[in-house]
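In: Quick check, what structure comes out for this input:
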Amino acid sequence: MERVVITGIGLVTPNGIGNEATWRSVLDGQTGVTPISLFDATTFTTRIAAEVKGFKPEEFIPKKTKIREMGRYAQLACAASSLCMKDAAIELTDEDRERCGTIIGVGIGGLEYLYQYSVQLREKGPEKVSPYFIPNVIANLAAGQVAMALGLRGTSYCTTSACSSSAHAIGEAFEWIRRGRSDIMLVGGAEAAITGLGIGGFGAMFALSRRNDEPHRASRPWDKERDGFVCGEGAATLLLESLPHALARGAKIYGEVTGYGATCDAYHITKPSPDGEGAKRAMRDALADAKLDASRIDYLNAHATSTPAGDVEEARAIEGLFGDHARSGKLWVSSTKSVMGHLLGGAGAAEAAMCLLAMRDGKVPPTANLEAQDPEVHLDCVPLAARDRELHHVMSNSFGFGGTNVTLVFSRFER
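Out: Residues are numbered from 1 along each chain as shown. Below you'll find the model as predicted:
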């Protein structure tokens, strides 16, 4: 089977537009969480979120008619994809375009338009529903719009698996290339659910932090005072290539995808299975796929969203699988959601990018706001400040409602 490497990254996140802006902010522990500005949240129990600031779609999408066709999630995906292709410095041939697939994971889609046109239908009747309504809403139009913008004619589809969506996308693109069915895949995730329906819905489930007076301290994975996650938005894309294709064009290589594990808890719609049993199996399967012993993993970017139950169950799963390697502090674990918020369907791809940049620079991002670690968590969670470490193998976890679990392993590229 073909080896698969990552040659491009594109980030549009609450911490910055562009790779280096985001990465510097994450390393410095600077939060992207602020009071909500995308809608009037005055009456909501949660009034904070991690929004993408200063985003202007026309800077990435030249035709105004195209912008009208896109929900915000698709606009963010197109922007991240444009940045990713520039970062990869790739000149696509006609043959490349026919074999380059596009898989963009989206958990929810154009939620803002679902509300807007529902009201319009009720108040003004069906003749006032926009012809752009369906293209604005359906989740696969992130991949579709990216493919049209860049002329990519390989497979194009969306993976929708809640907060595992873009991690699944990366795993599936990995499979396409290593089985020789494609040479290049533009892959990632996008989400824009900071709307009245999105915040209201998650709030009704008591899933969100209500630390409205201290937004910068609201997302606090593994901390004793955590009270829920912070909803975020954004997009992240990666360019995956077969190793021969990347070498033939002299591409820079961030790292290699070496392992992919995917499981289901089959337990509860929102609660993780006891002791993180499904998550543990996903990590075990990813290690087996990568042909690595657990002791070879240097850093793990955890799913850890800042919820009371989820953080502890994931920690138990990590401890159960990694044993003394984790408990002795040899495995460093952190959650970049502490500064970025939870990008939902886009989280897996954004956090995969954090792993790759950490491996490139030898710097492990911190878990911000981890001031008093939960006594049930026996891991080195890299509290408060980034650390230097040479990284050879890193892991990224993404879990979602419905009990879906994905683990990815990335390794330093060696010929």
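In: Mind listing what's buried along stretch 3-19?
Out: Neighbour counts over stretch 3-19 (16 or more other C-beta atoms under 10 Å) mark 3-19 as buried. All C-beta atoms are positioned from the backbone trio N, CA, C, and that covers glycine.
In: so who does Lys86 touch?
Out: Gly8, Gly10 (C-beta atoms under 8 Å, 6 or more residues apart in numbering).
In: Looking at it now. What's its pLDDT?
Out: For Lys86, the model assigns a pLDDT of 98.
In: residue ranges of the strands in the stretch 101-250 of the chain, please?
Out: 156-157, 184-191, 234-242 (DSSP state E, counting those that start in this stretch).
In: out of those strands, deepest packed?
Out: By mean neighbour count, with neighbours taken as mean count of other C-beta atoms under 10 Å, strand 184-191 ranks first of the strands of the stretch 101-250 of the chain at a mean of 34.
In: What strands line up against it, and which way round?
Out: strand 100-105 (parallel), strand 234-242 (antiparallel) (DSSP bridges).
In: what about the longest one, average pLDDT?
Out: Strand 234-242 shows a mean pLDDT of 98 in the predicted model.
In: same deal with the first one?
Out: Strand 100-105 shows an average pLDDT of 98 in the prediction.
In: Show me how far that strand is from its chain's centre.
Out: Put simply, strand 100-105 sits 14 Å off its chain's centre (C-alpha atoms, centre = their mean, to the nearest Å).
In: got it, and stretch 36-46?
Out: Using C-alpha atoms, centre = their mean, the offset of stretch 36-46 from its chain centre is 24 Å.
In: can I get the CA coordinates of that stretch in PDB?
Out: Taking C-alpha atoms only, stretch 36-46 is exported to PDB below (Å, rounded to 0.1, in the frame of the first residue of the first chain):
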ATOM      1  CA  ILE A  36     -21.200  36.300  20.800                       C
ATOM      2  CA  SER A  37     -21.500  38.900  18.000                       C
ATOM      3  CA  LEU A  38     -23.000  36.800  15.200                       C
ATOM      4  CA  PHE A  39     -26.500  37.100  16.700                       C
ATOM      5  CA  ASP A  40     -28.200  38.700  19.600                       C
ATOM      6  CA  ALA A  41     -27.600  36.300  22.500                       C
ATOM      7  CA  THR A  42     -28.800  38.600  25.300                       C
ATOM      8  CA  THR A  43     -31.500  36.200  26.500                       C
ATOM      9  CA  PHE A  44     -29.500  33.100  26.200                       C
ATOM     10  CA  THR A  45     -28.000  31.200  29.200                       C
ATOM     11  CA  THR A  46     -24.700  31.000  27.200                       C
END
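In: average pLDDT for it?
Out: 97.
In: And for stretch 313-322?
Out: Rounded mean pLDDT across stretch 313-322 is 97.
In: Assess the claim that Arg284 and Gly276 are in contact.
Out: No. Counting by C-beta atoms under 8 Å, Arg284 does not reach Gly276; the two are 11.4 Å apart.
In: More neighbours: which of those two?
Out: Comparing Arg284 with Gly276 by other C-beta atoms under 10 Å, the one with more neighbours is Gly276, at 27 against 17.
In: Please name the nearest non-neighbouring residue to that one.
Out: Ala317 (2.8 Å; C-beta to C-beta, 6 or more residues apart in numbering).
In: Can you list the neighbours in contact with stretch 304-311?
Out: Contacts for stretch 304-311 (C-beta under 8 Å, 6+ apart): 163, 207, 209, 218-223, 226-230, 271-272, 303, 314-315, 335, 337-338, 342, 367, 374, 377, 399.
In: thinking again about what came up before, just the ones in strands from the buried residues of stretch 3-19, please.
Out: Applying DSSP state E to these, the entries found in strands are Val4, Val5, Ile6, Thr7, Gly8, Ile9, Gly10, Leu11, Val12, Thr13, Gly16, Ile17.
In: helices or strands next to the lowest-mean-pLDDT helix or strand in the chain in the packing?
Out: Scoring the helices and strands of the chain by mean pLDDT, DSSP states H and E places helix 64-69 at the bottom, with a mean of 82. Here helix 64-69 touches helix 141-150, going by 3 or more C-beta pairs under 8 Å, 6 or more residues apart in numbering; DSSP states H and E.
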